[in-house]
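Enquirer: 3D model of this:
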Amino acid sequence: MTIRLQIAKWNLFCALGGKGKIFFAVLMSIIAANLHAQDQGEIEKVEIEIVKSKQITLPKAERNFEKVSPRPVEPIKPEIKYELANVPFRSPEYNPAIRPLKLKAEPINKIFSNYISGGYGNYASPYLEGYITNKRDRNKFFGAKLFHHSYGSGPVDAGNSASGSTQLKVFARGFGQKLVGGGFLSFENWNNKFYGQLPDVFKGDAASQSYSTFSLGADIGSKSTSKLNYRLSGGFSYLKDNFNSSENEQTLNFESGYQFGRSGKFVFNADYSLITRKFEPQPARSRHLFKIQPAYQFSPIQNLVLCVGVNTAFQNDTLGTVKSLNIYPNIQASYELSSAIQAYASLAGDMDKVSLQKFARKNSWIDQNVLLNHTNRTIEFLGGFKIKMLRKIAFNGGVSTANFKNLYFYQNLIGRGERFAVVYDQGNTQRFNLFGEFSLSGSDKVKAILRGDYFAYSTDKVLEAWHRPTYRVSFISSYNIYNKILLDVDFILQGGMKALAVEPPFPSVLKTVTISPAADLNVKASYVVSSQFSVFVKANNILDNQYQVYLYYPVRGFQAMAGLTWSF
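Expert: Numbering: from 1, shown residues only. A predicted model of the protein is given here:
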């Protein structure tokens, strides 16, 4: 009862106002005194209940909102005048001392500009190659090259099919602020023997043939950073063989281009050659070839690049089938179908230079006094696509067709089948070429190129396109395995060549034969011992296929060589 009363008292006390609280306190004091007076007697049950039910209410206030009317405009007297004065302000110069953060220069990798490589293989074949050049220099580059590779024996009668080649060359190049120039001096010799065997005819020692060339040249031109680029070069070469036949050639070449804006470019090229051939006891014969090739490159619409020009050639060959002055179109176009596909096409013609040195490098078994006449490529169409796949794989494929006059072929000599004459189709020769090429690049570890070609010839004055293949497949690749093993693999397959077989009894029986296909697989492996030293093993013609590129001349079978390379 006491607790309830106290709680009730407190609640009531909290609920009352100021005067009510005073009255309640007095009342509680009287009750407490009464209870104390009756402390000795029986306390009666008393229950007091106070109910507060009165609510305080206030009448609603009335508010009147009236807009304040604007005050009338009164002119300001005297009138305020504003004067804008130029206040000169000059801030003090502030030159902060900026100290850029200097990074520690990375050490320059040491380079070894010189190297020498040597080896030895079967068929008594020593090999030596070396380069000596200057150290890293931004203004100049010079050096010398030495190369020798020979075979003491070959596929037919050992020493009767020996061959070899040697080269010594010095060169130099300078780089200025606006000009770049250089020059070279070279000596080269290659030799072989006429070991081609006619069935049941060839006996005794084979005759030797040797070609020696001496050449020099120089050039000067602008750097490619300017709008006008040009290059002027000149050269001289002299060739002599074992049969009192010689040839000298002077050349002068000019190439230039001027850039207009982003896509416009004017190109002007000119080339002059004077070739003098001498074969004792006949007098020397000189041949001129002068070519001018102006063209203009531009982009008429987005993604399309056109190059339109004219090729002009003047020559004085004496076959009588080609005019002295010849003019050809030169039109080239490329269009980007997408970021990964590009289509291209060209329609052009030209005079292709022919010299004794060109023949000797391709076929060392030509006869002593072969005919020399330039080839007139009257017209050639080329079209195809370039496609980028998977970032590192690219494809280039297309078709070309051309018409030639005086296209040359190698034909076995009647009565001396181990030697070759150069015959010209003085009519019109058509050539059709379908090609495709896959390339893998963009990586230092693996690089590869796979190409296939199909050729079809239609001759006029010559019976067949002698010694020209109708198909060729080539594969070239290199592999870098953990920067320790360098592997090179290449493969060539070609066939469909026809030749004029010269067979006994005499007078010779002539017939057209198809030369067996040629398949050649070569592998070279190098092991890097250190940054300066490596060893290598090379195997050529692993399939041991003694195929013939020229009739009666089989190549060497399986060839192996081991050697080492030292850089310093």
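Enquirer: need the longest strand for the protein.
Expert: strand 416-440 (DSSP state E).
Enquirer: next, the buried residues of that strand.
Expert: Neighbour-count burial for strand 416-440 flags 417-426, 428-429, 431, 433-439 (criterion: 16 or more other CB atoms under 10 Å). All C-beta atoms are positioned from the backbone trio N, CA, C, and that covers glycine.
Enquirer: what is the neighbour count of the nearest residue to E503 once chain neighbours are set aside?
Expert: Take E503 and drop its neighbours on the chain: the residue closest to it by CB to CB, 6 or more residues apart in numbering is V509, 5.1 Å away. If you count neighbours by other CB atoms under 10 Å, V509 ends up with 10.
Enquirer: thinking K135 is in contact with I111, fair?
Expert: Yes. In terms of CB atoms under 8 Å, K135 counts as a neighbour of I111; the distance is 7.4 Å.
Enquirer: so F491 bridges to which residues?
Expert: Using DSSP bridges, the beta-bridge partners of F491 come out as F475, L521.
Enquirer: residues touching it, list them.
Expert: V473, S474, F475, A519, D520, L521, N522 (CB atoms under 8 Å, 6 or more residues apart in numbering).
Enquirer: do you know the pLDDT at it?
Expert: Note on F491: pLDDT of 97.
Enquirer: cool, P281 as well?
Expert: Here the pLDDT value assigned to P281 is 77.
Enquirer: around it, how many other residues sit close by?
Expert: 5.
Enquirer: same check on L510?
Expert: 13.
Enquirer: do you know how far it is from S534?
Expert: With distances taken as CB to CB, to the nearest Å, L510 is found 52 Å from S534.
Enquirer: kindly report the same for V156.
Expert: On the measure of CB to CB, V156 and S534 end up 35 Å apart.
Enquirer: got it, and N253?
Expert: N253 is 38 Å from S534, by CB to CB.
Enquirer: just want to know which of those two has more residues nearby.
Expert: Neighbour count, other CB under 10 Å: between N253 and S534, S534 has more, with 20 against 17.
Enquirer: tell me the phi and psi of the closest residue to A345 other than its chain neighbours?
Expert: Distances taken as CB to CB, 6+ apart put G383 closest to A345, at 4.1 Å, once the chain neighbours are dropped. Main-chain dihedrals, G383, degrees, to the nearest 10: phi -150, psi 150.
Enquirer: give the buried residues for stretch 518-536.
Expert: A518, A519, D520, L521, N522, K524, A525, S526, V528, S534, F536.
Enquirer: residues in contact with that stretch: which ones?
Expert: Outside stretch 518-536, the residues touching it (CB under 8 Å, 6+ apart) are 112, 117, 119, 483-495, 537-543, 545, 547-549, 555, 562-568.
Enquirer: chain center to that stretch, what's the gap?
Expert: From the chain centre to the centre of stretch 518-536 is a distance of 24 Å (CA atoms, centre = their mean, to the nearest Å).
Enquirer: straight-line length of it, end to end?
Expert: The stretch stretch 518-536 measures 26 Å between its terminal residues, going by CA to CA, to the nearest Å.
Enquirer: just the mean pLDDT for it, thanks.
Expert: Mean predicted confidence for stretch 518-536 is 96.
Enquirer: next: stretch 322-340.
Expert: Rounded mean pLDDT across stretch 322-340 is 94.
Enquirer: for it, report the contacting residues that lie outside it.
Expert: 293, 295, 303-316, 342-351, 373-374, 376-379, 387-389, 405-406.
Enquirer: hmm, 7 Å instead?
Expert: 293, 295, 303-316, 342-351, 376, 387-388, 405-406 (CB atoms under 7 Å, 6 or more residues apart in numbering).
Enquirer: do stretch 271-281 as well
Expert: 244-253, 284-291, 353, 355-356, 368-369, 372.
Enquirer: what is the nearest of the buried residues of stretch 518-536 to I48?
Expert: V528 (112.5 Å; CB to CB).
Enquirer: just the element for S286, please.
Expert: Per DSSP states H and E: S286 is located in strand 285-298.
Enquirer: ditto for S113
Expert: Going by DSSP H and E, S113 is not part of any helix or strand.
Enquirer: so what are the domain limits for the protein?
Expert: For the chain, automatic domain parsing gives the domain ranges 2-35, 115-567.
Enquirer: need the winner for burial among those domains.
Expert: Burial of the domains of the chain is given as mean neighbour count (mean count of other CB atoms under 10 Å); domain 115-567 ranks first at a mean of 16.
Enquirer: start and end of that domain, how far apart?
Expert: End to end - CA to CA - domain 115-567 spans 4 Å.
Enquirer: likewise stretch 551-568?
Expert: From its first residue to its last, stretch 551-568 covers 45 Å (CA to CA).
Enquirer: distance from it to the middle of the chain?
Expert: Stretch 551-568 sits 29 Å away from the centroid of its parent chain (CA atoms, centre = their mean).
Enquirer: pLDDT averaged over that stretch - what is it?
Expert: Per-residue scores along stretch 551-568 average to 95.
Enquirer: ok, stretch 420-427 next?
Expert: Across stretch 420-427, pLDDT averages out at 94.
Enquirer: ok, now stretch 458-471?
Expert: 96.
Enquirer: about what we covered before: what packs against the strand holding S286?
Expert: strand 264-279, strand 304-315 (3 or more CB pairs under 7 Å, 6 or more residues apart in numbering; DSSP states H and E).
Enquirer: and the contacts of it?
Expert: 263-277, 305-317, 330, 351, 353, 372, 374.
Enquirer: got the angle for it vs strand 304-315?
Expert: 160 degrees (axes from the mean of the first three to the mean of the last three CA atoms, to 10 degrees).
Enquirer: distance from the chain centre to strand 285-298, please.
Expert: Relative to the centre of its chain, strand 285-298 is centred 27 Å away, using CA atoms, centre = their mean.
Enquirer: equivalent analysis for stretch 305-317, please.
Expert: The mean C-alpha position of stretch 305-317 is separated from the chain mean by 27 Å, CA atoms, centre = their mean.
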